[in-house]
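>>> Need coordinates for the below:
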Amino acid sequence: MLTFSQKVLVRRMNLYMQRLRNLREDHDLTQQQVAEKLCVSAQAVSKWERGRGCPDPVLLTALSGLFGVAAERLL
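This next block holds a predicted model:
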């Protein structure tokens with residue numbers, strides 16, 4: 001059974017993954033296109049959207065610029 005803190009962390013990760021994918025789709029971009037703009041692999045973008053990894057803080061800034069949102073909105 002998960003502790004309260006673990007449940008909160010899981011919920012935040014789920015929201016992050018959903019938000020990232022929604023922003024990408026709202027901008028009509030594929031994972032490959034996002035990857036090319038950030039100079040990462042499409043597999044990296046896929047991992048972020050599936051919660052298997054998260055972007056480096058520098059890439060968060062690039063993602064926020066790409067989608068025109070504050071970096072805090074991505075977190």
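
>>> The one residue sitting closest to the centre of the chain sits in which helix or strand?
Centroid-nearest residue in the chain, with CA atoms, centre = their mean: residue 20, separated by 4.0 Å. Applying DSSP states H and E as the criterion places residue 20 in helix 4-26.

>>> Could I get the buried residue list for that helix?
16, 17, 19, 20, 21, 23, 24 (16 or more other CB atoms under 10 Å). All C-beta spots, glycine's among them, are computed from the backbone N, C-alpha and C.

>>> Next, count neighbours for residue 46.
Other residues lying near residue 46 total 16 when counted by other CB atoms under 10 Å.

>>> pLDDT wise, what is the nearest residue to it once chain neighbours are set aside at?
Spatially, and ignoring its direct neighbours in sequence, residue 46 is nearest to residue 31 (5.5 Å; CB to CB, 6 or more residues apart in numbering). The model reports residue 31 with a pLDDT of 97.

>>> now the one 5 residues further on
The model reports residue 36 with a pLDDT of 97.

>>> now the closest residue to residue 10 other than its chain neighbours, what's its secondary structure?
For residue 10, ignoring the flanking residues on the chain, the nearest one in space by CB to CB, 6+ apart is residue 2 at 6.9 Å. Following DSSP: H, G, I helix; E, B strand; the rest coil, residue 2 is assigned to coil.

>>> Count the neighbours of residue 2 for me.
Using other CB under 10 Å: residue 2 sits among 9 other residues.

>>> quick one on the thing from earlier: helices and strands around the helix holding residue 20, which ones?
helix 42-50, helix 57-67, helix 71-74 (3 or more CB pairs under 8 Å, 6 or more residues apart in numbering; DSSP states H and E).

>>> Just the buried positions in the second one, please.
By 16+ other CB under 10 Å, the buried positions in helix 57-67 come out as 59, 62, 63, 64, 66, 67.

>>> Let me know whether the first one touches residue 40 as I believe.
Yes: the pair formed by residue 59 and residue 40 meets the contact definition of CB atoms under 8 Å, at 7.0 Å.
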